[in-house]
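1. below is the sequence, then the predicted model.
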Amino acid sequence: MNLTTQNIKTALMDIEETSDLLEKAMKLAGLVTCLFREAGWPLVVVGGSAVEFYTEGAYMSGDIDFCRQILTPIPLRVSQEIMGKLEAAGGPRSWKVAGLFVDMLGLLESESIKRCTELQTPYGPVSLIPPEMILVERVLAAVYPSRDQEQYDIAKKMMASGLSKDAAFDWSEAERLAALPAFNVLCEMQNMKKDVQNELKMSR
Amino acid sequence: MNSKCQDDRRLTWEDWQSKRQALREQTRLVGPAVTRRKESSSDPRLRAAFKGQRAPDVFRTKL
């Protein structure tokens, strides 16, 4: 997508007027991703907005977290110039733009062998961290160092999402990740999955 | 705008929109409708920007 100054202005107006928070975030992520990709840095959406995308759980707050997919760091001057095109305020790693915050976290850390989910937005494709990776991270945070109810609720919603009939979710990959020493939560994840399956069965 | 994506990890905007309601209903079966964290390290800037809340005052159209 060729983004001219006028295209960007029109896109920003549309994003500011979008009333659904996740839709707003995905449109803005499409615009940001497009500009950084043109400059040579492919990005991935991680964090709360990725969780929200997979769960529709009213989870995300007012920020979008990005990681870069390649080793080469993004020069701060480049980031500032790109975000300047979006009339963003702040920086050099966090900006306010179109009513949301955009955070650039650094290099993507993902042990998953699955490809990212790709959503075609009106302003270009957005890559989101694989759902199996999010699930295993949330299970870990839900049970270690001690039980965390907020993380537990999110882990259950990620599981329910992965168990839905339309889900592009690979349970063998989730189990492989959960068994890695970096996570070591396979038993906890399997137990939680049984609970979620039972809850889904009972509520139907 | 977008051609239909073949890969199951690639979604068009329209595909995504058509699946959101069913996903919302599915995940709501196992937990509260709203699962936003009550606090995080980003609280000061979020609450300063969004009238004391952690997100902008835009509504979820289908919540």
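-> Cool, the structure landed. Numbers count the residues shown, from 1 in each chain, chains lettered A, B, ... in the order given.
2. confirm that A:Gln6 sits in a helix.
-> Yes - according to DSSP: H, G, I helix; E, B strand; the rest coil, A:Gln6 belongs to a helix.
3. show the pLDDT at it.
-> Looking at A:Gln6, its pLDDT stands at 92.
4. got any ranges where chain A has weak pLDDT?
-> Scanning chain A for pLDDT under 70 picks out A:1.
5. and the spatially most central residue of it, which of the three is it?
-> In chain A, the centroid-proximal residue (C-alpha atoms, centre = their mean) is A:Ala50; its distance is 2.4 Å. Following three-state DSSP, the label given to A:Ala50 is helix.
6. for the residue lying farthest from the centre of chain A, give me its contacts.
-> Here the centre of chain A is the reference, and by C-alpha atoms, centre = their mean the most remote residue is A:Met202, at 30.2 Å. By C-beta atoms under 8 Å, 6 or more residues apart in numbering or on different chains, the contact list for A:Met202 is empty. Where you see a C-beta, it was placed from the backbone N, CA and C, and this is true even at glycine.
7. mind checking how far it is from A:Val139?
-> Distance, A:Met202 to A:Val139, using C-beta to C-beta, to the nearest Å: 22 Å.
8. ok, residue 40 - how many residues close by?
-> Reading this off chain A. Neighbours of A:Gly40 under the rule other C-beta atoms under 10 Å in any protein chain shown: 11.
9. that's the wrong chain, I wanted chain B
-> Counted with other C-beta under 10 Å, the neighbours of B:Ser40 add up to 12.
10. how close does it get to A:Lys114?
-> The gap separating B:Ser40 from A:Lys114 is 27 Å, by C-beta to C-beta.
11. how far off centre is stretch A:97-117?
-> Centroid separation for stretch A:97-117 versus its chain: 6 Å, with C-alpha atoms, centre = their mean, to the nearest Å.
12. scratch that, stretch A:72-80
-> That offset, for stretch A:72-80, works out to 21 Å (C-alpha atoms, centre = their mean).
13. strands along chain A, start to end?
-> For chain A, strands defined by DSSP state E occupy the ranges A:43-46, A:63-68, A:89-90, A:94-97, A:100-107, A:117-121, A:124-128.
14. you'd agree A:Leu76 is up against A:Ser94?
-> No - taking contacts as C-beta atoms under 8 Å, A:Leu76 lies outside contact range of A:Ser94: 11.7 Å.
15. of these two, who's got more company?
-> Taking other C-beta under 10 Å, A:Leu76 and A:Ser94 do not tie; A:Ser94 has more neighbours (17 against 12).
16. so what sits opposite the more buried one in the bridge?
-> A:Asp103 (DSSP bridges).
17. can I assume it is in contact with A:Ala88?
-> No - using C-beta under 8 Å, A:Ser94 is not in contact with A:Ala88, being 9.6 Å away.
18. how close does A:Lys114 sit to A:Ser172?
-> Counting by C-beta to C-beta, the gap from A:Lys114 to A:Ser172 is 10 Å.
19. and for residue 45, the neighbour number?
-> Using chain A. Neighbour count for A:Val45, taken as other C-beta under 10 Å: 26.
20. wait, I meant chain B there
-> Residues near B:Arg45, counting by other C-beta under 10 Å, number 15.
21. what residues does the closest residue to it other than its chain neighbours make contact with?
-> The shortest distance from B:Arg45 to any non-neighbouring residue, by C-beta to C-beta, 6 or more residues apart in numbering or on different chains, is to A:Phe101 (6.9 Å). For A:Phe101, the contact set (C-beta under 8 Å, 6+ apart) comprises A:Gly62, A:Asp63, A:Ile64, A:Ser94, A:Trp95, B:Ser42, B:Arg45, B:Leu46, B:Ala49.
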